[in-house]
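structure, please.
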Amino acid sequence: MSRISTANITQRVIDAMLRQQTKVSDTQQQLSTGRRVLTPSDDPASATRVLGLNQALETVQQYQSNIDRAKSRLETEEGVLNGVTNLLQRVRELSVQGNNDTLSKTDTTAIAAEIRQLQDQLYAMANTRDSNGEYIFSGYQSGTKPFTNPATGSYVYNGDLGQRQLQVSPDRQVADGDNGFELFVNVETAAFAAVSGVAITDLAAIADGDITIDGGNGNGPVSIGALPAAATAAERLQQLMDAANSIKERTGVRATVDAGGALELSVVGGSGISIALGVGAAAKSGLTAGNTPTTTTPRNIFETLHQLATELENNRPVDRYIGDVDLALDSVINTRTFVGGRLNAIDEQHEVNADLELSLESHKSAEEDLDYAEAIARFERQMTALQAAQQSYVKIKGLSLFNFL
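Next comes the predicted model:
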């Protein structure tokens, strides 16, 4: 017969109560946190799946954060581009208004003054920062001011040609802006050609057909007509200018007198200016027979506005700059279209990511969330068992042979 001591019985009862208390404590912690799996040992398989789901959720949440950042920058850019569009449309209105032979120099100078103000406003818009203080048109160099104005009429781009991409899904990136070089600097200008004459040495009459002009618009050569003899070179210049401008609708070529006092012919669009001269017409007109093709050279918008204002201040025609402003408007509107497309794309991606996030949360909940009804019932059973064990211990501890002597 083996002997069971009172100390052995007491220790076994205490160990049983402690184990029961541990179960009660674990259940209480589950109820307070709402989680079924508190440690990997509770359910190793579920703990592994929850770890993977947490990683997937963190990735999706980072995508959503990237989308929010991209959306903020793109909305800022869209607002700026909307302002630039309105500004350039106003510049065009002023250009057309100023391109009128009946206006005085005072009138065109007043128009030029407003264009100067719009030019300064455009410069400020091009140097816009986002909500984080970063320049939106500097490419990768977001901490560098994109445009500076080192001298009157001269503008320098200090950013780069980069376009930052933000990851918004596992296999998709979206640009959060556009660099200022493509938007404001590398802007196409209207095809333009100009021909300047030299001093007129013969003021004799000019016969019809002696001078023809072809503006390259498909109408072919057009005669400026017959001109009477002139008393002075200035009178001859006026005759030539009036005659050339009288057929402008057919040739597309405008005639003016340049700063050197010589006849200047210019055309916007078409293939160029072709001049054909009869015998002796060169000395009577100061022009040279030949063909001058149109050329296009990219120019930044700020310099276009500066040159436009300068021409208006000198009361000169600005046909070419109207075309330049039109092309600048096209460039800005195209960029706005791309920005709008990106905003729509990230809005759609945000919804896709939100659905994925909800699905992952649902799977995670199924793995680790607590069934409160089951847990409460279990807690009640465990508390009853603990209380019974405690009461039993009290009675067992009080047993002694001395009670029966």
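
now the helices for the stretch 1-150 of the chain?
Assigned by DSSP state H, counting those that start in this stretch, the helices in the stretch 1-150 of the chain fall at 6-33, 44-98, 105-126.

ditto for the stretch 151-300 of the chain
180, 233-246, 248-251, 281-285.

quick revisit: any chance of the helices of the stretch 1-150 of the chain in CSV with distance to Pro150 and mean neighbour count as columns?
(Glycine included, C-beta is placed from N, CA and C.) Listed next are the helices of the stretch 1-150 of the chain as CSV, based on distance: least, CB to CB, whole Å; neighbours: other CB atoms under 10 Å:
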stretch, distance to Pro150, mean neighbour count
helix 6-33, 64, 14
helix 44-98, 22, 17
helix 105-126, 13, 17
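
go through these and name the closest to Asn291.
Between Asn291 and the helices of the stretch 1-150 of the chain, the shortest gap by CB to CB is with helix 44-98, which sits at 28.5 Å.

which neighbouring elements make contact with the closest one?
helix 105-126, strand 165-169, helix 301-313, helix 319-368 (3 or more CB pairs under 8 Å, 6 or more residues apart in numbering; DSSP states H and E).

any idea how far the last one is from the chain center?
The chain centre lies 10 Å from the centre of helix 319-368; the measure is CA atoms, centre = their mean, to the nearest Å.

show me what it is packed up against.
helix 44-98, strand 165-169, strand 172-175, strand 263-268, helix 301-313.

for the fourth one, which strands pair with it and how are they oriented?
For strand 263-268, the pairing partners within the sheet under DSSP bridges are strand 192-196 (antiparallel), strand 253-257 (antiparallel).

tell me how far the residue nearest to Leu94 when sequence neighbours are not counted lies from Glu311.
Among residues not flanking Leu94 along the chain, Ile111 sits closest, at 5.1 Å (CB to CB, 6 or more residues apart in numbering). To Glu311, Ile111 is 11 Å away according to CB to CB, to the nearest Å.

what residue is smack in the middle of the chain?
The centre of the chain sits closest to Gly177, judged by CA atoms, centre = their mean, with a distance of 3.7 Å.

any idea how far that residue is from Asn86?
Gly177 is 20 Å from Asn86, by CB to CB.

and for Tyr63?
Taking CB to CB, one finds Tyr63 at 35 Å from Asn86.

quick one: closest of the helices and strands packed on helix 319-368 to Gly290.
strand 263-268 (11.7 Å).

any idea of the mean pLDDT in the closest one?
Taken as a whole, strand 263-268 carries a mean pLDDT of 95.

just how off-centre is it within its chain?
For strand 263-268, the distance to the chain centre is 38 Å (CA atoms, centre = their mean).

can you redo the strands paired with strand 263-268 as TSV with mean neighbour count?
Below are the strands paired with strand 263-268 laid out as TSV (neighbours: other CB atoms under 10 Å):
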stretch	mean neighbour count
strand 192-196	20
strand 253-257	22
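
need those in TSV (columns: distance to Glu348).
What follows is these, written out as TSV (distance: least, CB to CB, whole Å):
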stretch	distance to Glu348
strand 192-196	43
strand 253-257	50
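
make a markdown table from these and add mean pLDDT and distance to Ala328 to it.
Formatted as a markdown table, these follow (pLDDT from 0 to 100; distance: least, CB to CB, whole Å):
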| stretch | mean pLDDT | distance to Ala328 |
| --- | --- | --- |
| strand 192-196 | 94 | 15 |
| strand 253-257 | 93 | 21 |
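
can I see the domain layout of the protein?
54-190+318-355, 192-295 (automatic domain parsing).

possible to save those domains as TSV with distance to Gln307?
Formatted as TSV, those follow (distance: least, CB to CB, whole Å):
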stretch	distance to Gln307
domain 54-190+318-355	7
domain 192-295	12
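
mind checking which of these is nearest Gln28?
With CB to CB as the yardstick, what comes closest out of those is domain 54-190+318-355 (24.4 Å).

now that closest one, how far from the chain's geometric center?
With CA atoms, centre = their mean, you get 6 Å for domain 54-190+318-355.

ok, Asn314 - contacts?
Lys105 (CB atoms under 8 Å, 6 or more residues apart in numbering).

how far away is it from Gln387?
104 Å.

same question, Thr106
104 Å.

ok, Ala207 next?
Taking CB to CB, one finds Ala207 at 129 Å from Gln387.

average model confidence for stretch 164-182?
Rounded mean pLDDT across stretch 164-182 is 92.

how near is Glu134 to Ser72?
11 Å.

ah, wrong one, I meant Ile346
11 Å.

what about the closest residue to Ala230 other than its chain neighbours, distance to Asp242?
Excluding the flanking residues, the one nearest Ala230 by CB to CB, 6+ apart is Arg236, at 3.9 Å. As judged by CB to CB, Arg236 and Asp242 stand 11 Å apart.

go on, Leu265?
13 Å.

just want to know which of these two has more residues nearby.
Leu265 (23 against 13; other CB atoms under 10 Å).

and that one, what does it touch?
Ala194, Val195, Ser196, Ile213, Ala244, Val253, Arg254, Ala255, Ile273, Ile275, Leu287.

give me that answer again for 6 Å
Listed by CB atoms under 6 Å, 6 or more residues apart in numbering, the contact partners of Leu265 are Val195, Val253, Ala255, Ile273.

please apply the same query to Ser285.
Applying CB under 6 Å, 6+ apart, the residues near Ser285 are Ile211, Leu240.

and it, how close does it get to Ala259?
Counting by CB to CB - Ser285 and Ala259 are separated by 19 Å.

likewise for Leu87?
Counting by CB to CB, the gap from Leu87 to Ala259 is 30 Å.

could you do Glu188 as well?
Taken as CB to CB, the span from Glu188 to Ala259 is 27 Å.

tell me which of those two has more neighbours.
Glu188 (15 against 9).

pretty sure the more buried one is touching Ala328, no?
No. If you go by CB atoms under 6 Å, Glu188 and Ala328 don't touch, sitting 8.5 Å apart.

quickly list what's touching both of the two.
In contact with both Glu188 and Ala328: no residue, using CB under 6 Å, 6+ apart.

residue contacts, the nearest residue to Gly260 once chain neighbours are set aside?
Leaving aside its sequence neighbours, Gly260 sits nearest to Ser196 (CB to CB, 6+ apart; 7.4 Å). When contacts are counted by CB under 6 Å, 6+ apart, Ser196 touches Asp258, Ala262, Glu264.
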